[in-house]
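**Q** Can you look at this prediction? I've put the sequence above it.
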Amino acid sequence: DGLSTTNLNAIDAGDFSTTQLSNLVGATLDNLTTTQVADLSSTQVGSLTVAQLDGLSTTNLQAIDAGDFSTAQIGGVESTTIDDLTTTQIAGLSTSQVSSLTAAQIGVLTTTELQGLATTQLAALTATQLGNLTTTVLNDLTAAQVTALTSTQFYGLSAAQIDGLSTTNLNAIDAGDFST
């Protein structure tokens, strides 16, 4: 942490060990250039703590490939950090990363981000996770996405959420998916 920002910025990202990176305090880590952050390997990104990720500027956070985050990191960061990810990063999450999102994190996803998820990613969401989506966001899922949801996932929706679905999305639900 004793290096000046100028000297820190002169270091190639690949030259940092995972131990060095994991020991950088938030402000020092965030002094890395966006190029340095983008050049971090998946192993280097994996060495960062949840607190370090939460402390990154939006620009630096958005420079990281979503696939480089561990499921523990994705599930552990604050909702505001998830909110700072780009639509491309959200779409790039693996199914295990998507399933690790907390209810609060799911709640900050925008319609565009949810529509960018593949049906396999949506299938990774639990009934509880889906139950935390607003009616507006649920209503904005594509018919293909709604069709791909399972009966177990639908059981997590409230009557108000189902009532708020568009006719197109309501018609996309298999009748057997409604709980009795």
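**A** Arrived safely, thanks for sending. Note that the coordinates shown come from a computational prediction; the quantities given were computed from them, not determined experimentally.

**Q** worst-scoring helix or strand of the chain, pLDDT-wise?
**A** helix 26-30 (a mean of 80; mean pLDDT, DSSP states H and E).

**Q** Just name whatever secondary elements that helix is in contact with.
**A** Secondary-structure packing of helix 26-30 (3 or more CB pairs under 8 Å, 6 or more residues apart in numbering; DSSP states H and E): helix 50-55. (Each C-beta comes from the backbone N, C-alpha and C, glycine too.)

**Q** Now the element after the helix it packs on, going C-ward?
**A** helix 58-61 (DSSP states H and E).

**Q** Contacts for that following helix next, please.
**A** 30, 32, 34, 37, 53, 81, 84-85 (CB atoms under 8 Å, 6 or more residues apart in numbering).

**Q** Turn those residues into a markdown table, including distance to residue 96.
**A** Output for the contacts of helix 58-61, formatted as a markdown table (distance: CB to CB, whole Å):
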| residue | distance to residue 96 |
| --- | --- |
| 30 | 27 |
| 32 | 27 |
| 34 | 27 |
| 37 | 23 |
| 53 | 17 |
| 81 | 18 |
| 84 | 21 |
| 85 | 16 |
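
**Q** Which member of the residues you listed is positioned nearest residue 2?
**A** residue 32 (15.3 Å; CB to CB).

**Q** show me what contacts that closest one?
**A** 8-9, 13, 60 are the contacts of residue 32 under CB under 8 Å, 6+ apart.

**Q** what pLDDT does it get?
**A** Here, the pLDDT recorded for residue 32 equals 90.

**Q** how close does it sit to residue 43?
**A** Using CB to CB, to the nearest Å, residue 32 is found at 16 Å from residue 43.

**Q** now residue 76
**A** Here the criterion is CB to CB. By it, residue 76 lies 18 Å from residue 43.

**Q** likewise residue 101?
**A** For residue 101 relative to residue 43 (CB to CB), the value is 23 Å.
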